[in-house]
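**Q** below is the sequence, then the predicted model.
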Amino acid sequence: MNYVATYQIGQGCPSQIRKAEKTAPTVGRVRRMDATPEGHGRNQKGQATAAATVNAPNGFLRNRFLPKLEGRETVVSTKETAKMERDFYKSLSLLAGHYHIEPMEARQYGYPYNIALSLWDAKKQLKATLPCFCGLEIVREGKRHFLQCQERYGIGTNLYYIPVIPLFLLSRNRRGRHLANLLFSVCCYLWRIADIPYYRDENSYLSWQYEMMSEWVANDEQTDETVGYIQEIRQAEWVGDFMEQKIRNPKNLEHFEKRIGRFRASSTIEVLCHKVAREAYALYTQYPYTPYYRHAKPHGDYGEDEAYEVITIDRLVSFYANCEGWLNDSMIESLNCEFGEYGDMEEPALAKRFDGKPIESSSLDFENRLLNLIDDLIIVLRKT
């Protein structure tokens, strides 16, 4: 896994603190990998549609073209292949009932093309109806064959870091207090119920990052910018402690529904804020005890001695100080360096086996909606 990184932590890292850029990088879009991971992602543009250069006959457009099976050849039916077909279609029936899709009838095409065609059609339908569909495969276990569906929310190059300083400034603005109160309820839900880490909590990953930045400033050569760096660090600490008391107040949840009902949007950003609040309240009532990390899994399987090679999801989702300034830029660059040393990352994921045993009833609906909600919340806080 390769990340955008100019410097490295540890050996080879520059000792001088980097100056802030004039334009801060986009929050939440930090790391970049060589290949785009499978799974759900936001704001992805599809392939551009191209118009035909000539008029085609209407009959041609009504035809349905089936996929070509590579290396297709005639296979003599045996007891083993017949059993595999029975296992496959029994499993396909279970999958179709679980995901509410309608399998195509392909048995008339004969083995193995009927299996390939049915699998192709099932994947196509799942991709169109399942937001976090990642893959579908035939699994062989002993003499049995069954389908296994993979669901994964692809975090990809995103960091879901929620800035609190913009919310603090908004709450100090008389005209923005009604908006701030609504966002306090949203953030209280994210912290208390969804269990999003807070950067001033000494057990959080970002707490160590901010402490490291403070030590770098203290130990680095003093320059004209050092005073400004210290002020940013002190502001992040003081505002973080103050906002911790404001956000964690349980009254934010008690008045959540009333604040949504009383809120009247008068601008585009307030409309988005109201949408974020309604979605947060819906998650609060529908998933009252659900943390954001419940289905977090890496792409590969690792032993205990290999766990350090995986970026855990608590490093990708968190409250933090601010989305602009020297401190933000330096910390994000530091994270790029560190994450570049890892080979895998945790993302919300499920694997459902359709082998006749009870089917996993969970879904990634909560994770899909929650991370999209955080994405919208970050946009609101950046624009207020």
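**A** Noted; the coordinates are in hand.

**Q** what are the ranges of the strands in the stretch 51-200 of the chain?
**A** Ranges of strands in the stretch 51-200 of the chain, per DSSP state E, counting those that start in this stretch, are 133-141, 144-152, 160-163.

**Q** any weak-confidence spans in this protein?
**A** 1-77, 306-308 (pLDDT under 70).

**Q** ranges for the helices of it?
**A** 58-62, 79-99, 113-129, 165-171, 177-192, 205-219, 226-248, 251-254, 256-262, 268-286, 326-339, 365-383 (DSSP state H).

**Q** need those helices in a markdown table with mean neighbour count and distance to residue 316, can you?
**A** Quick note: C-beta positions are derived from backbone N, CA and C, even for glycine. As requested, these are exported to a markdown table (neighbours: other C-beta atoms under 10 Å; distance: least, C-beta to C-beta, whole Å):
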| stretch | mean neighbour count | distance to residue 316 |
| --- | --- | --- |
| helix 58-62 | 7 | 45 |
| helix 79-99 | 16 | 28 |
| helix 113-129 | 17 | 25 |
| helix 165-171 | 20 | 20 |
| helix 177-192 | 22 | 14 |
| helix 205-219 | 16 | 9 |
| helix 226-248 | 16 | 19 |
| helix 251-254 | 15 | 25 |
| helix 256-262 | 14 | 26 |
| helix 268-286 | 17 | 19 |
| helix 326-339 | 20 | 9 |
| helix 365-383 | 20 | 10 |
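
**Q** out of these, which comes closest to residue 148?
**A** helix 79-99 (8.9 Å; C-beta to C-beta).

**Q** tell me the angle the closest one makes with strand 133-141.
**A** 150 degrees (axes from the mean of the first three to the mean of the last three C-alpha atoms, to 10 degrees).

**Q** so what secondary structure elements neighbour helix 79-99?
**A** helix 113-129, strand 144-152, strand 347-354 (3 or more C-beta pairs under 8 Å, 6 or more residues apart in numbering; DSSP states H and E).

**Q** contacts for stretch 256-275?
**A** 178-179, 181-183, 185, 188-189, 277-278, 281, 284, 376, 379-380, 383-384 (C-beta atoms under 8 Å, 6 or more residues apart in numbering).

**Q** mind running it again at 6 Å?
**A** Stretch 256-275 is contacted by residues 179, 181, 182, 185, 277, 281, 380, 383 when judged by C-beta atoms under 6 Å, 6 or more residues apart in numbering.

**Q** ok, stretch 299-314 next?
**A** Here stretch 299-314 has contacts from 197, 205, 293, 296, 298, 339, 342, 343, 344, 345, 346, using C-beta under 6 Å, 6+ apart.

**Q** what does stretch 171-180 give?
**A** In contact with stretch 171-180 (C-beta under 6 Å, 6+ apart) are residues 170, 273.

**Q** how far is that stretch from where the chain is centred?
**A** With C-alpha atoms, centre = their mean, to the nearest Å as the basis, stretch 171-180 stands 30 Å off its chain's centre.

**Q** residue 296 - how many residues pack around it?
**A** 21 (other C-beta atoms under 10 Å).
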